[in-house]
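*Asks:* Okay, here's the prediction I keep looking at, along with the sequence it came from:
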Amino acid sequence: MTDAGARAHHLGLLLPAFAMVSVAWLVFWRTQQFPVVCALAFPCPDPNARIPPALIFGGLMFVPLVLLVLGSYTRRPAVWLSNVSYVALAGLTVLGYGAILFAGGFTADL
């Protein structure tokens, strides 16, 4: 593969992954500011209850991202590794968003 072809391959493989992680982190950060509506039977959770799930899932997103970066610079990149990494990124994004929302109680956008 030529130098320009290899560069285009790396960019095409890594740019969507970095975009997914950046948008997920932005959503995780913006979710911290949603108003919380608490049930009458249960006390309201701590205002900072959404921070640990955001940090955990945001940090776990580094694992598939690093696998994609390291896997893209090999001579014969494993296609299955990039597929599994993208599925893991999407799954961590959805699970993280759900964990963040449910960690702080039920939310309602007023």
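*Replies:* Thanks, I have the structure now.

*Asks:* residue contacts, the most centrally placed residue in the chain?
*Replies:* Computing the C-alpha centroid of the chain and ranking residues by CA atoms, centre = their mean puts Thr93 first, at 3.9 Å. Applying CB atoms under 8 Å, 6 or more residues apart in numbering, one finds that Thr93 lies in contact with Met20, Ala24, Val27, Phe57, Met61. All C-beta atoms are positioned from the backbone trio N, CA, C, and that covers glycine.

*Asks:* mind listing what's buried in the lowest-mean-pLDDT helix or strand in the chain?
*Replies:* Of the helices and strands making up the chain, the lowest-confidence element is helix 3-31, at a mean of 82, by mean pLDDT, DSSP states H and E. Buried positions in helix 3-31, judged by neighbour count with 16 or more other CB atoms under 10 Å: Leu13, Leu14, Ala17, Met20, Val21, Ala24, Trp25, Phe28, Thr31.

*Asks:* Which pair of these spans the longest distance?
*Replies:* Looking at the buried residues of helix 3-31 by CB to CB, the two members farthest from one another are Leu13 and Thr31, with 28.2 Å of separation.
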